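# coords please:
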Amino acid sequence: MKEIILIKMGEIVLKGLNRRQFEDRLLKNLRGALKPLGEFTIKSAQSTISVIPQDDFIDLDDVCEKVRKVFGIVTYSRAAVCPEKTLESVLETAPEYLADELRRAKTFKVEARRSDKKFPFKSPEIARETGGKILSCFPHLKVDVHNPELVVTVEIREYAAYIRGKALRGAGGIPIGTGGNAAILISGGLDSPVAAWMMAKRGVRLTAIHFASPPYTSERAEQKVVKLLHKVAQYSGNMTMYTVPFTEIQETIRKKCPEELFTIIMRRLMMKISERIARDKNCSALITGESLGQVASQTIAAIACTDAAANMPVFRPLIGMDKQEIVDISYMIDTYDTSIEPYEDCCTVFTPRHPRTKPTLRIVEAAEEKGEFDEMIETALQNLKVTYIDPRED
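As a prediction, this is how the structure comes out:
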């Protein structure tokens, strides 16, 4: 029995005159994601994308795993192609294709969608006849139109009739490449990989910036970040990570700046360096994983002082989330176990005992000037380490 994948688009269908641009980008991203698995015919019609395997060896479980992580897809389903576009063929195919699910279920209902209005039977007739056929094959079942265990869907489309069972949830959002370019300041913790994923979900193409402070941070800490980015890249696609040597700057902060301002000055210098990298790499914004009030350096006053160091937008998609919400997403995108591996990142180096929660910009800027960081920033920018993140190499 021939199977295909039927995909439903999410908010893309609500777009206006530029809807075609979003659809074309989604189709391009989908083709790129599936290319390693074999040859496919992928086409869009009536707000549904059909993914049709052209090779017999293709495993649809692998296809579904790829489809699940493509932003712009709200639901997807495996579907059987009826041998003929007739009611008789629908009645023969439905109980055979969904036999396993129907045996396990206690209640069901049938929904029919007739996109091809030339088909001689209307949707209620198709649903009624299909439901009757299923009941005759599986007499233990009961019809429940309000809360069924299994929904059997019959789709009569232009080229064929399809039978599908449960629709599975996709990644949602809008296609990568439709939301511009931004740079994510990535550490090895829970928050920044989730922030990266959330901005990628809004169509943003990512560049990653990581700060390393050897010997205070280890090579394993950096590899942990690479591993996290591979997880994010399963959704966002390829990206480049720039590792900034930060040891000299942090040691100078410790020597020349007031201890209670260590963290805020460190973050400001990170912003200045990241902005330089971002502009050079054609990014229009920075992204951080900060959540308001989560730690002492993430108060409104501290964030305002940090933002004053940057001359481009800074997005904080986690700003109103609590830790459990962030943890839940990290589980969903499979970054949690890696994030909690016990390797120090530079944000935890030289942490002040009593950080100032309500810093004043004038005082912070005066303390920062004493460090004379300009030359150190230039040196760091000249010694960036470049790592290419390709999800196919995970």
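# what about this structure, any weak spots by pLDDT?
Across the chain, the ranges flagged by pLDDT under 70 are 345-350, 393-394.
# Domain parsing of it, as residue ranges.
Taking automatic domain parsing as the domain assignment, the record places the domains of the chain at 3-171, 181-393.
# Can you report how many residues neighbour the closest residue to residue 363 other than its chain neighbours?
By the measure of CB to CB, 6 or more residues apart in numbering, the closest residue to residue 363 outside its immediate chain neighbours is residue 261, 7.6 Å from it. Where you see a C-beta, it was placed from the backbone N, CA and C, and this is true even at glycine. Around residue 261 sit 23 other residues, with neighbours defined as other CB atoms under 10 Å.
# Residue 176 now?
The burial metric for residue 176, expressed as a neighbour count using other CB under 10 Å, is 25.
# Quick check: phi and psi on residue 174?
Backbone torsions for residue 174, taken as degrees, to the nearest 10, come to phi -130, psi 160.
# who are the neighbours in contact with it?
The neighbourhood of residue 174, defined by CB atoms under 8 Å, 6 or more residues apart in numbering, consists of 10-12, 22, 71-72, 201-203.
# Residue 311 is in contact with residue 275, isn't it?
Yes - the pair residue 311 / residue 275 is scored as a contact, 6.4 Å apart, by CB atoms under 8 Å.
# which one of these two has more residues nearby?
Regarding residue 311 and residue 275, a neighbour count based on other CB under 10 Å identifies residue 275 as having more, with 20 against 10.
# helix/strand/coil for the more buried one?
Here residue 275 takes the helix state, with states given by DSSP: H, G, I helix; E, B strand; the rest coil.
# Relative to residue 152, how far out is it?
Using CB to CB, to the nearest Å, one gets 54 Å for the distance from residue 275 to residue 152.
# repeat for residue 386
Distance, residue 386 to residue 152, using CB to CB: 52 Å.
# Which one's more surrounded, those two?
Using other CB under 10 Å, the more surrounded residue of residue 386 and residue 152 is residue 152, with 25 against 8.
# Which element, helix or strand, includes the closest residue in space to that one that isn't next to it in sequence?
Spatially, and ignoring its direct neighbours in sequence, residue 152 is nearest to residue 110 (4.7 Å; CB to CB, 6+ apart). According to DSSP states H and E, residue 110 maps onto strand 107-114.
# starting at the chain centroid, how far to that strand?
In this view, strand 107-114 has its centroid 31 Å away from the chain centroid, taken as CA atoms, centre = their mean, to the nearest Å.
# Buried residues of it, list them for me.
When neighbours are counted by 16 or more other CB atoms under 10 Å, the buried residues of strand 107-114 are found to be 108-114.
# Contacts for that strand, please.
Applying CB under 8 Å, 6+ apart, the external contacts of strand 107-114 come out as 94, 102, 121-124, 126-128, 130-131, 134, 141-145, 147-156.
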